[in-house]
Structure formats: C-alpha cells, structure tokens
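Enquirer: Sequence first, predicted coordinates after that:
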Amino acid sequence: MSFATQPLDKDTIIDTLLQHQLFKMPDGRQLYEATEVELQKLFYSELGDPYTN
C-alpha cells in the first residue's frame, strides 16, 4: 500500500515543534525567523521522520 505524502508547511512544522517544547532554533533565532527548509531540518533531526516510525 502506498500513501501520498505532502511536505509539511511552515505553520504545521512550527506548531509541532512548539508542542514538543522547542521554542527557538539552535542558533537562538525564533522559529518564525527560520526558512521552511531550516525548520524541516530541525523537525526531522529532533522528531524523526513520521513516515518511517
């Protein structure tokens, strides 16, 4: 069975990171200041890939 996955948008990533008590980027910037790519990297490094767990 195959599932179509959509990339996470910036708002969804930020909401999920906040729910996991991550409030800033590792370099100290606020989450909203980061690019979507930077947020995705943080998301996957901290929480793993939700589609492989």
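Expert: Arrived safely.
Enquirer: Tell me the buried residues in the longest helix anywhere in the chain?
Expert: Taking DSSP state H as the criterion, the chain has its longest helix at helix 36-47. Burial within helix 36-47, assessed by neighbour count using 16 or more other Cβ atoms under 10 Å, is assigned to 38-39, 42-43. For glycine as for every other residue, the C-beta is placed from the backbone atoms N, C-alpha and C.
Enquirer: repeat for stretch 21-30
Expert: Buried, per 16+ other Cβ under 10 Å, within stretch 21-30: 22, 25.
Enquirer: returning to that earlier point: packing partners of the longest helix of the chain?
Expert: For helix 36-47, the contact count by 3 or more Cβ pairs under 8 Å, 6 or more residues apart in numbering; DSSP states H and E identifies helix 10-19 as packing neighbours.
Enquirer: Next, the angle from the helix it packs on to helix 36-47.
Expert: Taking axes from the mean of the first three to the mean of the last three Cα atoms, to 10 degrees, one finds helix 10-19 and helix 36-47 inclined to each other by 30 degrees.
Enquirer: Sounds good, over and out.
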